[in-house]
Structures are given as structure tokens and as C-alpha cells.
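> got a predicted structure plus its sequence, pasted below:
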Amino acid sequence: MYDLSVITTWIHDLLSSFMPQWLTVTTECVLIGVGLLLVYAVLALFYIYFERKVCAAFQCRLGPNRVGPFGVLQSVADMFKILIKELITLNHTDKFLFALAPFLVIIASMLAFAVLPWGNGIQVIDFNIGIFFLIAVSSIGVLGILLAGWSSNNKFTLIGALRSGAQMVSYELSIGLSVLTMVAFAGTMSVSGLVEAQHDVWFIFSGHIPAIIAFIIYIIAGTAETNRGPFDLPEAESELTAGYHTEYSGIHFGFFYLAEYLNLFIVSGVAALLFFGGWMPLHIPGWESFNVVMDYIPSVIWFLIKAVALSFVIIWFKWTFPRLRIDQLLSLEWKYLLPINLCNLVLMVLIIVKGWHF
Amino acid sequence: MISLSIFGIENTVLAVTAAVTGFALVGLALWIAGLISPRSFNPQKGEAYECGIPTRGESMAQFKVGYYLFAILFLMFDVETVFLFPWGVRVRELGADGLISIAVFFGILVLGLVYAWRKGALEWK
């Protein structure tokens, strides 16, 4: 319906009308960078506010309600507060690695963020191996966390980082395998191809049983990937103060905080992409007038609604389940999720070969 | 109609742009924080945060060997998924031949998991 590439084409034509080609490309890259930066920051601020409000609602509290109407400016105020906090230099850290860790964490989440399909014609990186690229870059984040814990030279951070590393690499397998299940079903790895394949029916409906199993596994593994409760034992405050970022202060800590919320968005965005059609509106085959009405809602709104709804589910987990122990966490992954996932892949292949899908 | 790649720029360039944006975000925020945040010196500030009393012993504490075991197992299965992806994209086209060859590969890896399980590598003791 709305093809948002008319905007980008218009900008492109406008710029190339008075600029040489290399300058056009450079300007466009700068525009993309600024756009990414703004959306990244605004989304992080929104997510911090959103989580605090949802948590408050679960605990029968009001949540932030002083700064601005309904407290919407609370996270903006927090951002300024964190900027004016002192950056403490410690005398026992590995200075280079200590400074490098936040860069790795933010760059990993920014790269993964740029792959998400925002809407029809609004998608920054569109490799033909898009979803694979996303999994690959998001695992750089683990490296940042391990470096942060190691270079701080503190017992709490070391144990927090190791727990986090073990947890994130283990659950990455489940993410990879459930993504593989859906990739086998779609027959493509490119993000735009995945969205296009869901034009008529979303994968969660057309892939029925194996797709639903893959979705459940993905959402559990995604919660663990973002180090959120009930899998928040890398930063279990009653045991490890703050886990791997204990020694980071001020904006240095802010980067980890930012990346954590953005990873929540990325995980739910990828779930929306793989199972709920990305930005594709809800189409029911045969109901032509219904499909036309659904097309009137812009694609960006569709994507944001799906991603925020899935994030709400992940936040809901935090207030429903108690925190796991490390042995329970690892046996959940290796003894339950991984075998189930492998069986699910075989089931999916059976369904594809037999043609038992919609 | 689905439109592709923004501005028609090559994806590699866009990936570099995204990485540079991430770098710029951290650099810019650190620069602003450096300008407006206070600086004060206190010898206690540079110490490791533990509980208030001076730190005892090595900070590089011993940790369980179990972490290494899981890391090695992860390597095995991660490489497995990497090999399965190209086949996954072409399941329909490869047909029976692809299914048989991937079943052998898959079987060997499942045997690996069963072996690790029987050996007790998945127990956290």
C-alpha cells in the first residue's frame, strides 16, 4: 500500500541532481547514520519508560509519573543525569579492554538493529544472507560482555561475565536452530525475502505446529540472550552486585544499559520478522476487503506494534518466573531446548517435503 | 511491490555505515560526558568494588571448569548450524539426495550430543 521507498527515491534524486556521485553516496550514508542514531536513542528511551511502566503495572504501582505528562520524560531526564555522572578511572583495570568493551556491545546491537525490516522500503542493510548476518553480528555482543567482566579485574565481574558468556553462547544455539527451522520453511535467508514470503499468511499460521514450537523456543532463548529475568543471573544483584558491569560508572554503564534494552527490541523484532510477517499487514486469504482495510495501516506501525507486543511478553516473563540457578539454566538449554529443537527441525523438514503446510 | 536496499547503496557500505554509527554513538556520548561530568580524586575511588573493606587475595578468582566444557560443546553445535543453513535454504530443490546426506551429518552430531550427555558433560557438578 504505502511504499515508503518513494521518500528515499525522492531524497536520492534531489541529492544527485546537484552533487557528484561519490558525494551523494557519502551524504546518504551520513543521513542513514543520523537516522539510525536517532531511532536507536529514541527507541531506547521509549523502552526504558515502557519497561518501568509495565513493571509498575504488574506490581500495582504507578511507575514514573512526575517528569512530564505520565512521566514520559523520565527516561530523558535519566539520560541527562547519567551524562553528568563522573567516569571513574580505576587503578587496577586493563585500560584498553575496559574502554573497548562498551564499543563492542553498542556496535553489535547497532549492526543487528540496522538489519531489521522497518517497513516497506525502509530497511537499511538487506544482504541475501540477512538473518544469518544478524545472528553473526549479535554474537559480537558476548565478546563485549566477556571483555567487560575480565578487564574490570574484580571477582564479581569475572563470575558475572563467565555466567553471561556460558548463558549467551548456549542459548545462541537455540536461536540459531529455530531461525534455521524458519529459514528452511521460507527457503530464503534475506530479510526482505522472508517478509515477502509471508504476504498471504504469516509463518506462525502457515507453518502451524513446528512454527509454534520454534516460536516458543525462540522467545525463551531470546529472553536468555538479552540477560533478562528469569535468566538474569549474570547480574543477579543479590549475589554479584551488578555482574559484569559492576565497575562501570556514568555513561560507561549507560552503554550496557542501552544495549540491553535495544537487544530486547532486536529479539522481539526478529521474532516479529520470522513468525509474524515483519511489517506485513495481517492478510487472510479469501477475505479481500479485510486485506484491503489492513493494508491502510502503514507498515511501520505494523512492525512496531508486533515488536512492542512481543517485548511486552518478554517483560511479562520477568514478573512471572523466579530466577533460575546456573545448573538449571544450562540443563534447560542442553537437555530440553536443544533436543526438542533438533526434533522440531526434522518435523519441519517432514512437513516441507510432504507439503503439509498452508 | 517490495522495494529493496535503501538508496540503492551496496549492502557492505551500509553495514560499515551502521558500524561507524555505533562507534560514533559511543564516542560522542563519551566526549559529551567528558565535557560536562565532574572530576574529583580520591584514592578509595580507584579500588575494586567489593563490600567496603579492602580487597583480599587475587581478583582473578578460580572458576569452574564446566564453563570451558560448555564452550567446547557450543563450538561443535554452532559449526553444525552454520553447515545446516545453506542446506536449509535449498531443502525443496535438493530433494532426496540432500535429505540423505544431511541425515548422515545430522546423525553424527546427534551421536556427539548423546555421547556428551552419557559422559556427564552436561551435568553441573
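In hand now; what should we look at?
> residue 92: neighbouring residues, count only.
Chain wasn't specified; assuming chain A. Neighbourhood size, residue A:92 [other Cβ atoms under 10 Å in any protein chain shown]: 13. The C-beta positions use only the backbone N, C-alpha and C, and glycine is treated the same way.
> wait, I meant chain B there
Residue B:92, neighbours per other Cβ under 10 Å, totals 12.
> pop out the phi and psi values for residue A:122.
Phi and psi for residue A:122, reported as degrees, to the nearest 10, are phi -110, psi 90.
> so what's it closest to, chain neighbours aside?
In this structure, residue A:122 finds its nearest non-sequential neighbour in residue A:4, 5.0 Å apart by Cβ to Cβ, 6 or more residues apart in numbering or on different chains.
> give me the neighbour count for that neighbour.
As a burial measure, residue A:4 scores 19 neighbours (other Cβ under 10 Å).
> for it, what are its contacts?
Counting by Cβ atoms under 8 Å, 6 or more residues apart in numbering or on different chains, residue A:4 makes contact with A:119, A:120, A:121, A:122, A:298, A:299, A:300.
> most widely separated two among those residues?
Farthest-apart pair in those is A:121 and A:298; separation 11.1 Å (Cβ to Cβ).
> in terms of neighbours, single out the busier of these two.
Neighbour tally, residue A:121 and residue A:298, criterion other Cβ under 10 Å: the higher count belongs to residue A:121, 23 against 16.
> report pLDDT for the nearest residue to residue A:322 once chain neighbours are set aside.
Setting aside the residues directly before and after it, residue A:322 is nearest to residue A:230 in space (Cβ to Cβ, 6+ apart), at 6.2 Å. Note for residue A:230: predicted pLDDT of 84.
> what about residue A:230, distance to residue A:324?
When distance is defined by Cβ to Cβ, to the nearest Å, residue A:230 is 6 Å away from residue A:324.
> okay, buried residues for stretch A:17-32 please.
Neighbour-count burial for stretch A:17-32, with 16 or more other Cβ atoms under 10 Å in any protein chain shown as criterion, is recorded at A:24, A:25, A:27, A:28, A:29, A:31, A:32.
> quick revisit: what are the phi and psi values at the residue nearest to residue A:122?
For residue A:4, the backbone dihedrals (degrees, to the nearest 10) come out as phi -70, psi -10.
> about what we covered before: make a PyMOL selection of the buried ones in the contacts of residue A:4.
This is the PyMOL syntax for the buried subset of the contacts of residue A:4, where burial follows 16+ other Cβ under 10 Å:
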select buried, chain A and resi 119+120+121+122+298+299
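> ok, so of the contacts of residue A:4, who is nearest residue A:94?
For these, the nearest to residue A:94 is residue A:122 (40.6 Å; Cβ to Cβ).
> identify the bridge partners of the closest one.
Beta-bridge pairing of residue A:122 under DSSP bridges involves residue A:119.
> quick check: residue B:61 is in a helix.
No. According to DSSP: H, G, I helix; E, B strand; the rest coil, residue B:61 belongs to no helix; its state is coil.
> and for the closest residue to it other than its chain neighbours, the neighbour number?
Leaving aside its sequence neighbours, residue B:61 sits nearest to residue A:155 (Cβ to Cβ, 6+ apart; 4.8 Å). Residue A:155 has 20 neighbours, counted by other Cβ under 10 Å.
> quick one, what contacts the residue most central in space within chain A?
Centroid-nearest residue in chain A: residue A:266, 1.5 Å away (criterion: Cα atoms, centre = their mean). Each residue near residue A:266 by Cβ under 8 Å, 6+ apart is listed here: A:109, A:112, A:113, A:116, A:134, A:138.
> how near is residue A:121 to residue B:8?
Residue A:121 is 12 Å from residue B:8, by Cβ to Cβ.
> no wait, residue B:21
Distance from residue B:21 to residue B:8, by Cβ to Cβ: 19 Å.
> neighbour count winner among these two?
More crowded of residue B:21 and residue B:8, by other Cβ under 10 Å: residue B:21, with 25 against 13.
> what residues sit buried inside the longest helix along chain B?
Taking DSSP state H as the criterion, chain B has its longest helix at helix B:91-119. Going by neighbour count (16+ other Cβ under 10 Å), the buried part of helix B:91-119 is B:91, B:102, B:106, B:109, B:113, B:116.
> in JSON lines: those, plus distance to residue A:328.
Below are the buried residues of helix B:91-119 laid out as JSON lines (distance: Cβ to Cβ, whole Å):
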{"residue": "B:91", "distance to residue A:328": "35"}
{"residue": "B:102", "distance to residue A:328": "32"}
{"residue": "B:106", "distance to residue A:328": "28"}
{"residue": "B:109", "distance to residue A:328": "25"}
{"residue": "B:113", "distance to residue A:328": "19"}
{"residue": "B:116", "distance to residue A:328": "18"}
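> tell me which of those is nearest to chain A?
Chain A lies nearest to residue B:91 out of these, by Cβ to the nearest Cβ, at 5.0 Å.
> who touches the closest one in this structure?
Residue B:91 neighbours (Cβ under 8 Å, 6+ apart): A:184, A:187, A:349, A:352, A:353, B:98, B:99.
> repeat that with 6 Å
With contacts defined as Cβ atoms under 6 Å, 6 or more residues apart in numbering or on different chains, residue B:91 is in contact with A:184, A:352.
> what do you get for residue A:105?
A:141, A:144, A:259.
> ok, the last one - contacts?
Listed by Cβ under 6 Å, 6+ apart, the contact partners of residue A:259 are A:105, A:106, A:109.
> tell me the one of the residues you listed nearest residue B:71?
Residue B:71 has its nearest neighbour among these in residue A:105, at 19.5 Å by Cβ to Cβ.
> quickly note the distance from the closest one to residue A:150.
Residue A:105 is 14 Å from residue A:150, where distance means Cβ to Cβ.
> follow-up on the earlier one: ok, the residue nearest to the centre of chain A to residue B:116 distance?
31 Å.
> what's the answer for residue A:165, then?
Residue A:165 is 19 Å from residue B:116, by Cβ to Cβ.
> and residue B:83, by the same measure?
Distance of residue B:83 to residue B:116, given as Cβ to Cβ: 18 Å.
> got it, and residue A:12?
Here residue A:12 is placed at a distance of 53 Å from residue B:116 (Cβ to Cβ).
> before we move on, what about residue B:16?
39 Å.
> ok, now residue A:23?
Distance, residue A:23 to residue B:116, using Cβ to Cβ: 56 Å.
> kindly report the residues of chain B close to chain A.
Residues of chain B lying near chain A by Cβ under 6 Å from any Cβ of the partner chain: B:2-7, B:11, B:14-15, B:17-19, B:21-22, B:25-26, B:29, B:33, B:36-38, B:45-46, B:48-49, B:59, B:61, B:63, B:67, B:70, B:74, B:77, B:81, B:84-85, B:88-89, B:91, B:122, B:124.
> just the buried members of these?
B:2-3, B:5-7, B:11, B:14-15, B:17-19, B:21-22, B:25-26, B:29, B:33, B:37, B:48-49, B:59, B:67, B:70, B:74, B:77, B:81, B:84-85, B:88-89, B:91, B:122, B:124.
> which ones among the contacts of residue A:259 map onto helices?
Per DSSP H, the contacts of residue A:259 map to helices at A:105, A:106, A:109.
> looking at those, spot the one nearest chain B.
Nearest member of the ones in helices among the contacts of residue A:259 to chain B, counting by Cβ to the nearest Cβ, is residue A:106, at 4.8 Å.
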